[in-house]
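Novice: Fold the following for me, if possible:
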Amino acid sequence: MKSFRRNAGFFLAGLLWVSEVTLAQEVRRAMPLNEPPVPRALPLDEATPPPEEKASTPEQPNDKRQLEYANALFARKMYDLAIPEYEKYLSDYGGGSGRANAYFGLGESYRLLGKNGSARTNFQKLLDDFGDSEFAGPAAYALAVLAFSQKDFTAAQPLFHKAAAKSKDASVALSAKYFEARCLESSKRADDALVLYLQVAEAKSQYREDARTTAGAMLLARGRRTDALKQYEALASEAEKPAAKAESAVRAGLIALDLAVADRAKIDSAMAEKARVLLQKGRAVSDSGRWKGIAQAGLLRLEYQTGQFSQVISDYKKAAEQLPEEAKPEAMLLVGNAQRQLGHTQEAERIYREIIEKFPSREEAKDARYQRLINIYNSNPNAVISEVDEFLKTNPANERADQAKLLKAEAFYKQQRFAEAAPVYEDLRASELTPKLRAEAAYKLGWCQIQLKDVARSIEALSYFLKTFPDYPQAPVVLSQRALAFQQSQNADAAITDLNFLIKSYPTAKEREAAIQQKALLLGELNREPEMAQTFQQLLKEYPKSSAIS
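Specialist: Reported below is the predicted structural model:
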């Protein structure tokens, strides 16, 4: 039995090496193992030292001698000679304990001679008849390799899975797990693949780097940024090649940066510091290539996001000459935005124009056109209206187009050009703006209609706001204004309904006191004196210092 285990280990080593060579073109960044030295096979008639006389030992059974002879030929890579000897063993010794060994050796010999059909037959026979033997795992692995090399990932995946479960050798199980993940990924079963990649990444092997890289990308695509950060951060320390170290550190730094500023209202200072350390680490790698410029741009973005606008400008001036051309547009855009934030409108305008002229096909040029609109709006709202019209002619993305339209509406609103602002605000109902900006646009539309004294449209606009954005803080104001509009349209019952809802639902709203007073007066106009008196009593009780009482 021990000899069979030794044979299994020997076959396993050979299988792993050959399979690595077979899959070398498929394994991303996984290097094949070095071939172990194999003793040269010597013909029997060559001069060799005569064997020493040994004490007689019991003669081995014929079946064992036959199997060991076949294994010896296999070990010397004499596969064409090993095949008939394995077949003889299988033919002559139907009850032999080494049949699983023989089927595996026979299958491997055929495979190594390029006779894949015969190899498959013998490996499958082994799995069918000896599925619990120590050769079952290697046989499943060999069949999986054959299927994988033909890009038959559907067939290879369950075989790699079986190999991982059946193999007692940890390296074979890990290799099988990695390639099963590859099969799952190629079969569009990314979630299942991700689980295996994460398992492979935990063990030190030639597959770890690619497993971490792939898992990191998958996690990032699923919005699991914290988990992705762990993979890239580990790669920044584990990767062998400097370029891979730099890329991993920079990717980790950029993810950390996104996490640090995820809540714009409160920067995560610890995560921001981690981003800074990782980006500096990636920038410092000697063979960082294009990632050096990306790291520098990332550091500028970190400074910008954390409000260090003067530092952005200063650091860009120091590093501008070292920045690769591909990193300059992003860095320049950050500098332009920093100048705008500092109120340096002319400097910002100059930089935005430079980006648009020098890098017209880059995404940063598109963004610079929009950021320039904000700069103009801040300095001269009158001028932004025509600039928005020109911007829209460049066919920007829907979200950017909607943001530009909002700037135009705001410019009209600032100039009290309500008739021109209203249709723009109304058009933004179906926009791709954030809910907060859409709510602001809907609110401003209501005020435009109120200023235009269009009661019907005021009611419609205010009703749209309350239906679409019922939880926004402007709701009490909108309710009070709609009550007034209902009152103006002689719909007292609707007005009282709005006032009652405001009084009951917003106990701390500053509009509540006026709503109680307005309700009391409206009830008086309707000659509903008992209700009017009751409402004034409520006002006196809850707001004893109300100006309405005096």
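
Novice: Centre of the chain to stretch 396-413, how far?
Specialist: 30 Å (CA atoms, centre = their mean, to the nearest Å).

Novice: List the buried residues in it.
Specialist: By 16 or more other CB atoms under 10 Å, the buried positions in stretch 396-413 come out as 396, 400-413. Glycine gets a C-beta too; all of them are placed from N, C-alpha and C.

Novice: Over to stretch 191-206?
Specialist: For stretch 191-206, a neighbour-count test (16+ other CB under 10 Å) marks A193, L194, L196, Y197, L198, Q199, V200, A201, S205, Q206 as buried.

Novice: So which of the buried residues of stretch 396-413 are in strands?
Specialist: Assignment to strands by DSSP state E places none of the buried residues of stretch 396-413 there.

Novice: Just the closest of those to A492, please.
Specialist: Y413 (31.2 Å; CB to CB).

Novice: per-residue pLDDT, the closest one?
Specialist: pLDDT, the model's per-residue confidence, is 96 for Y413.

Novice: excluding its backbone neighbours, what's nearest it?
Specialist: A421 (4.6 Å; CB to CB, 6 or more residues apart in numbering).

Novice: Also F130?
Specialist: Taking CB to CB, 6+ apart, and ignoring the residues beside it in sequence, F130 has A100 as its nearest neighbour in space, at 3.9 Å.

Novice: give me the element the one you found is part of.
Specialist: According to DSSP states H and E, A100 maps onto helix 99-112.

Novice: same question for whatever helix or strand comes next after that helix, mean pLDDT?
Specialist: Next helix or strand after helix 99-112 toward the C-terminus (DSSP H and E): helix 116-129. Mean pLDDT, helix 116-129: 93.

Novice: and if you look at stretch 483-498?
Specialist: The average pLDDT within stretch 483-498 is 96.

Novice: what about the helix holding A100, distance to the chain center?
Specialist: Counting by CA atoms, centre = their mean, helix 99-112 is centred 44 Å from the centre of its parent chain.

Novice: do stretch 92-110 as well
Specialist: Distance, centroid of stretch 92-110 to centroid of chain: 49 Å (CA atoms, centre = their mean).

Novice: related to what we said a few turns ago, spatially, which two of the buried residues of stretch 191-206 are the most separated?
Specialist: Greatest spatial distance in the buried residues of stretch 191-206: L194 and Q206, 19.8 Å, computed using CB to CB.

Novice: Apart from its neighbours in sequence, what residue is nearest A272?
Specialist: Closest residue to A272 apart from its sequence neighbours, by CB to CB, 6+ apart: A260 at 3.9 Å.

Novice: got it, and A70?
Specialist: Nearest to A70 is E85, by CB to CB, 6+ apart, at 3.7 Å.

Novice: Please verify my assumption that that neighbour contacts A72.
Specialist: No. In this structure E85 lies outside contact range of A72 using CB atoms under 8 Å: 9.1 Å.

Novice: Among these two, which residue is more densely surrounded?
Specialist: E85 (23 against 14; other CB atoms under 10 Å).

Novice: what angle separates the helix or strand hosting the more buried one from helix 99-112?
Specialist: Using DSSP H and E, E85 sits in helix 79-92. Angle, helix 79-92 to helix 99-112, by axes from the mean of the first three to the mean of the last three CA atoms, to 10 degrees: 150 degrees.

Novice: residues of helix 79-92 that come out buried?
Specialist: By neighbour count on 16+ other CB under 10 Å, the buried set for helix 79-92 is Y79, L81, A82, I83, E85, Y86, Y89, L90.

Novice: Next, the contact list for the fifth one, please.
Specialist: Applying CB atoms under 8 Å, 6 or more residues apart in numbering, one finds that E85 lies in contact with Q66, Y69, A70, L73.

Novice: Grab the nearest non-local neighbour of A190.
Specialist: Among residues not flanking A190 along the chain, M218 sits closest, at 6.0 Å (CB to CB, 6+ apart).

Novice: just checking, that neighbour touches L196?
Specialist: No. In this structure, M218 is not within contact of L196 by CB under 8 Å, at 11.0 Å.

Novice: Next, the buried residues of stretch 425-433.
Specialist: Within stretch 425-433, the residues that count as buried by 16+ other CB under 10 Å are Y425, E426, L428, S431, L433.

Novice: Setting the sequence-adjacent residues aside, check what's closest to the first one.
Specialist: What it means is Y425. Once flanking residues are discounted, Y425 sits nearest to L445: 3.9 Å by CB to CB, 6+ apart.

Novice: what is the rounded mean pLDDT of the strand or helix carrying the one you found?
Specialist: Under the criterion of DSSP H and E, L445 resides in helix 435-451. Per-residue pLDDT over helix 435-451 has a mean of 97.

Novice: Ramachandran coordinates for the closest residue to I255 other than its chain neighbours?
Specialist: Once flanking residues are discounted, I255 sits nearest to L229: 4.6 Å by CB to CB, 6+ apart. The phi/psi pair for L229 (degrees, to the nearest 10) reads phi -60, psi -40.

Novice: Next, count neighbours for L229.
Specialist: Per other CB under 10 Å, the neighbour tally for L229 reads 25.

Novice: Repeat that for the one 4 residues further on.
Specialist: A total of 22 residues lie near E233 under the criterion other CB under 10 Å.

Novice: Next: the one 5 residues further on.
Specialist: In terms of burial, E238 registers 15 neighbours under the definition other CB under 10 Å.

Novice: gap between it and Y178?
Specialist: Here the distance between E238 and Y178 works out to 16 Å (CB to CB, to the nearest Å).
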